[in-house]
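Enquirer: Mind folding the following:
(one chain, ligands or ions: 2)
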Amino acid sequence: MAKPVSIEVWNPSGKYRVVSTKSMPGTRWIDLLVRQDCRVEICTEKKTILSVEDIIALIGNKCDGVIGQLTEDWGDTLFSALSKAGGKAFSNMAVGYNNVDVDAATKYGIAVGNTPGVLTETTAELAASLSLAASRRIVEADGFMRAGLYDGWLPHLFVGNLLKGQTVGVIGAGRIGSAYARMMIEGFKMNLIYYDLYQATRLEKFVTAYGQFLKASGEQPVTWKRASSMDEVLQQADVISLHPILDKTTYHLINKERLSKMKKEAILINCSRGPVVDEEALVEHLKHNPMFRVGLDVFEDEPYMKPGLADMPNAIVVPHIASASKWTREGMATLAALNVLGKIKEYPTWSNPNAVDPFLDENSPPPSACPSIVNAKALGLPVSKL
Ligand SMILES: NC(=O)c1ccc[n+]([C@@H]2O[C@H](COP(=O)([O-])OP(=O)(O)OC[C@H]3O[C@@H](n4cnc5c(N)ncnc54)[C@H](O)[C@@H]3O)[C@@H](O)[C@H]2O)c1
Ligand SMILES: O=C(O)[C@H](O)CO
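Expert: Ligands and ions are numbered 1, 2, ... in the order given. Model prediction:
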């Protein structure tokens with residue numbers, strides 16, 4: 001028998017039971033659920049990653065919907081348990097949902113929500129921060145200062161790379177990849193080369209217009225190129241940032257062979273998902289190429305790092321914090337709660353999950369719609385006309 005899991009309860013007499021596997025930032029998400037007659041149960045277990053068994057215990061015999069986290073394994077077992085408990089909806093508090101078996105959810109008629117849009121700029125800002133930190137060796141230099149090693153200015157001390165005029169490579173030019181590209185182009189006047197399965201038309205138009213503006217101001221214009229293969233990006237770019245989804249096509253997209261195609265002094269940034277990079281091959285590459293640098297927010301076996309990575313001075317590592325701004329995390333909690341609430345209330349799905357601002361305005365009630373349901377089509381859910 002599954003052991004009991006500790007919880008905090010809001011609105012005990014609410015008609016619909018909604019479980020959140022973690023405490024989430026802000027209180028708006030709780031208020032919105034409570035106002036619509038939900039009893040909200042928040043798991044208060046101390047351990048960071050809940051097991052399938054823990055979550056089954058949380059779901060119990062009657063549960064209308066669950067808000068879960070990207071660290072949890074939402075497969076057939078959990079969707080079967082949720083369906084038996086009368087559940088209709090699950091939402092990840094994340095845009096990525098590689099931890100969710102969407103087909104299994106669809107089989108049980110359960111909607112799967114995610115939280116796009118609200119974290120686009122925040123995640124892109126961390127990728128940009130890592131790009132700067134790696135190119136100017138900020139973390140190494142900080143450690144040097146704190147160790148009391150600085151004894152005066154020297155011409156060779158922590159010499160890094162100038163970004164201006166160099167080429168930024170983006171692999172996966174979707175929402176976040178495009179926002180990152182704009183930051184690097186507008187901020188540092190870098191040229192763009194990108195690879196995606198689809199054409200990033202808006203991004204191309206932006207770079208063209210910005211290039212014309214620079215030219216008209218007597219400056220060197222920036223340029224863009226859509227690469228016909230990923231290797232073209234790897235060979236030509238000075239800074240490469242990875243922003244695809246994680247699926248079978250992107251698993252170990254960056255491996256030993258592909259690393260060897262990159263420039264010796266290139267910078268690689270990963271704020272997508274850890275398994276997009278073969279981390280063992282990366283550690284070897286870092287060892288043999290001291291001027292090659294990486295900035296990593298995500299890891300292949302989170303929360304662990306592959307042996308040797310933490311010892312590499314040419315690696316900057318942060319613990320999956322790319323979306324960690326207060327506004328964004330509160331917004332993610334709101335979108336996840338509204339996905340679950342909307343399905344319970346049989347609201348239609350929002351027509352454009354990239355335009356979620358109306359759900360985030362704290363001064364007005366959110367639209368009566370589910371902000372983003374990834375299996376809406378498969379479930380035949382209606383689309384909002386709002
Ligand atoms: N580190 C973090 O905290 C953090 C935060 C947000 C998102 N993410 C990750 O970033 C991912 C992207 O988010 P998004 O909102 O930009 O999604 P998105 O769907 O807008 O963009 C993903 C892009 O990847 C492209 N793509 C898919 N397969 C590809 C392939 N084989 N080769 C090249 N491109 C491919 C798609 O065409 C799409 O343009 C999420 O799925 C998530 O895993 C991480
Ligand atoms: O996919 C996501 O949303 C991130 O990994 C966490 O913000």
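
Enquirer: element containing residue 18, please.
Expert: strand 16-20 (DSSP states H and E).

Enquirer: helices or strands up against the next helix or strand after that strand?
Expert: In the C-terminal direction, the helix or strand that comes right after strand 16-20 (DSSP H and E) is helix 28-35. Helix 28-35 is packed against strand 7-10, strand 38-43, helix 326-344, with contacts defined by 3 or more C-beta pairs under 8 Å, 6 or more residues apart in numbering; DSSP states H and E. C-beta coordinates here come from the backbone N, C-alpha and C atoms, glycine included.

Enquirer: give me that answer again for 10 Å
Expert: The contact analysis (3 or more C-beta pairs under 10 Å, 6 or more residues apart in numbering; DSSP states H and E) places helix 28-35 against strand 7-10, strand 16-20, strand 38-43, strand 65-68, helix 326-344.

Enquirer: Alpha carbons of it, as CSV, please.
Expert: Extracted C-alpha coordinates of helix 28-35, given in CSV (Å, rounded to 0.1, in the frame of the first residue of the first chain):
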residue,chain,number,x,y,z
ARG,A,28,-3.0,33.8,-7.6
TRP,A,29,-3.1,30.2,-8.9
ILE,A,30,-4.7,29.0,-5.6
ASP,A,31,-7.2,31.9,-5.5
LEU,A,32,-8.3,31.2,-9.0
LEU,A,33,-8.9,27.5,-8.3
VAL,A,34,-10.6,28.2,-4.9
ARG,A,35,-12.9,30.9,-6.5
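
Enquirer: Would you mind listing the outside residues contacting it?
Expert: Helix 28-35 is contacted from outside by 8, 10-11, 14, 16, 18, 20, 23-24, 27, 38-40, 42, 65, 67, 93, 330-338, 340-341, 344, 359-360, 362, 365-366, using C-beta atoms under 10 Å, 6 or more residues apart in numbering.

Enquirer: list the contacts for residue 199?
Expert: Contacts for residue 199 (C-beta under 10 Å, 6+ apart) come out as 173, 226.

Enquirer: ok so, going back, could you identify which of the helices and strands packed on helix 28-35 is most buried?
Expert: Across these, averaging neighbours per residue (mean count of other C-beta atoms under 10 Å) puts strand 65-68 on top, at a mean of 29.

Enquirer: I'd like the average pLDDT over that one.
Expert: If you average the pLDDT over strand 65-68, you get 98.

Enquirer: Does it reach ligand 2?
Expert: No. Figure legend: strand 65-68 not in contact with ligand 2 (C-beta under 6 Å from any ligand atom); closest approach 12.3 Å.

Enquirer: So which bits of the stretch 51-200 of the chain are right by ligand 2?
Expert: 70, 94-96, 119.

Enquirer: rerun that using 8 Å as the cut-off
Expert: Taking C-beta under 8 Å from any ligand atom as the contact definition, the stretch 51-200 of the chain meets ligand 2 at 70, 92-97, 114-115, 119, 123.

Enquirer: Put the buried members of the residues you listed into a ChimeraX selection.
Expert: The buried residues among these can be selected in ChimeraX (16 or more other C-beta atoms under 10 Å) with this line:
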select :70,92,93,94,95,96,97,114,115,119,123
